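Chemist: Sequence first, predicted model second:
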Amino acid sequence: MHALLASIPSPSGGVVELGPITIRAYGVMLLLGIVSAFWLTTRRWRAMGGDPDLVLKAGLWGVGAGIVGARLYHVVTSWDEVPDEWWGVFAVWKGGLGVWGGVAAGVAAGLYVVKRSGASVLLAMDACAPGILLAQGIGRWGNYFNQELFGTPTSLPWGLEIDPENRPGSYPDAETFHPIFLYEFIWDMIGVAALVWLGRRFRLRAPAIFSLYVMWYCLARATFEESLRTDPSHEIAGLRLNHWVSIGLLLVAAAGLRWAWRNGVLPGPTAARGEPAAPRAPAVAPSGKQMSVPKSRVRKRR
């Protein structure tokens, strides 16, 4: 078994030529992620009693803004990696999409559409959170085809083979590296399953699910992913820029979760519907008369 899993081979190229049409695996994986996010968000929003058409409308604006925001974030924070040609700023097919900029711009644009429609912005945040994480996980496979997003050298059986021209200058002789794209994919899929389960099992006040999504993703970036990455990055006080961003967003999301928790968390199988908590039925004696409840046992609802 160890011999069979000695390493994970990388594809020789991520481009397929079909006559005049060029298909890039990086773009295909992004598209699959977007479609999956639409599917999951539509199901959740419908379960909450929302209009499925609003998901398509808000999502189209969100995707467009997300791509622009992701590219801008990369250009601003990693300008030295942008090709020198005039088209370098627009060369998304070469990679270089910053998750933070994409999520921030995409969510902002989508929620603006939701707000204009009169629907609940907070519920929309919870509805789309698992779908966004699903899209991020699937989209990471685009990094596999581009031979990017890998970590330090490793001899583990799941080490990722990297061609010499794509290896970091500090490790020219290493052949296999940590497949960070795969680590993040697995982490994201676990997060998607957990968020969906929590939304069904508990009646969580929005935006608890969205806060948990941000916390889950940032936890991976802040604890192990940024420490393993070898791609160039600007550093502040010895930590990579995205390391600091992850820590900051983790704290902000924790504050959002605390607010949601203090304002109502009730168990219930219809949690994803986004309905207000139903009042507790009064206790009834066998004779049919309402039983009195001692005041000491009455909890004040906030």
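Modeler: On my side now, so go ahead. Given the structure is predicted, the values throughout are model-derived calculations rather than measurements. Numbers count the residues shown, from 1 in each chain.

Chemist: Stretch 165-185 - what's its average pLDDT?
Modeler: For stretch 165-185, mean pLDDT rounds to 90.

Chemist: Oops, could you answer that again for stretch 105-117 instead?
Modeler: Average pLDDT, stretch 105-117: 95.

Chemist: same check, this time on stretch 226-242
Modeler: The pLDDT scores in stretch 226-242 average 84.

Chemist: OK, contacts around the closest residue to F224 other than its chain neighbours?
Modeler: Closest residue to F224 apart from its sequence neighbours, by CB to CB, 6 or more residues apart in numbering: Y183 at 7.6 Å. Where C-beta positions appear, they are placed from N, C-alpha and C, glycine not excepted. Going by CB atoms under 8 Å, 6 or more residues apart in numbering, Y183 touches 220, 224-225.

Chemist: so P157 touches S7, yeah?
Modeler: Yes: between P157 and S7 there is a contact under CB atoms under 8 Å: 7.3 Å.

Chemist: Neighbour count for those two, which is higher?
Modeler: The residue with more neighbours, out of P157 and S7, is S7; 17 against 14, by other CB atoms under 10 Å.

Chemist: how about the most centrally placed residue in the chain, what does it touch?
Modeler: Nearest to the mean C-alpha position of the chain, by CA atoms, centre = their mean, lies L133 at 2.8 Å. Listed by CB under 8 Å, 6+ apart, the contact set of L133 reads 188, 191-192, 195, 213, 216-217.

Chemist: what about it, distance to F185?
Modeler: Between L133 and F185 the computed distance is 11 Å (CB to CB, to the nearest Å).

Chemist: do the same with I236
Modeler: With distances taken as CB to CB, I236 is found 28 Å from F185.

Chemist: These two: who's more crowded?
Modeler: Higher neighbour count among I236 and F185: F185, with 19 against 9, using other CB under 10 Å.

Chemist: can I assume the more buried one is in contact with G139?
Modeler: No: applying CB under 8 Å as the test, F185 and G139 come out as separate, 9.2 Å apart.

Chemist: In this protein, where is pLDDT below threshold?
Modeler: 1-5, 17, 78-96, 263-302 (pLDDT under 70).

Chemist: cutoff 80 now
Modeler: 1-6, 12-22, 74-98, 231-234, 262-302 (pLDDT under 80).

Chemist: As a check, name the ranges of all helices in the stretch 101-250 of the chain.
Modeler: Secondary structure of the stretch 101-250 of the chain, counting by DSSP state H, counting those that start in this stretch: helices at 121-139, 141-145, 180-201, 208-220, 226-228, 241-262.

Chemist: So which of the ones you listed is the most surrounded?
Modeler: Across the helices of the stretch 101-250 of the chain, averaging neighbours per residue (mean count of other CB atoms under 10 Å) puts helix 121-139 on top, at a mean of 25.

Chemist: and the angle from the top helix by length along the chain to helix 121-139?
Modeler: When the chain is parsed with DSSP state H, its longest helix is helix 52-77. Interaxial angle of helix 52-77 relative to helix 121-139 (axes from the mean of the first three to the mean of the last three CA atoms, to 10 degrees): 60 degrees.
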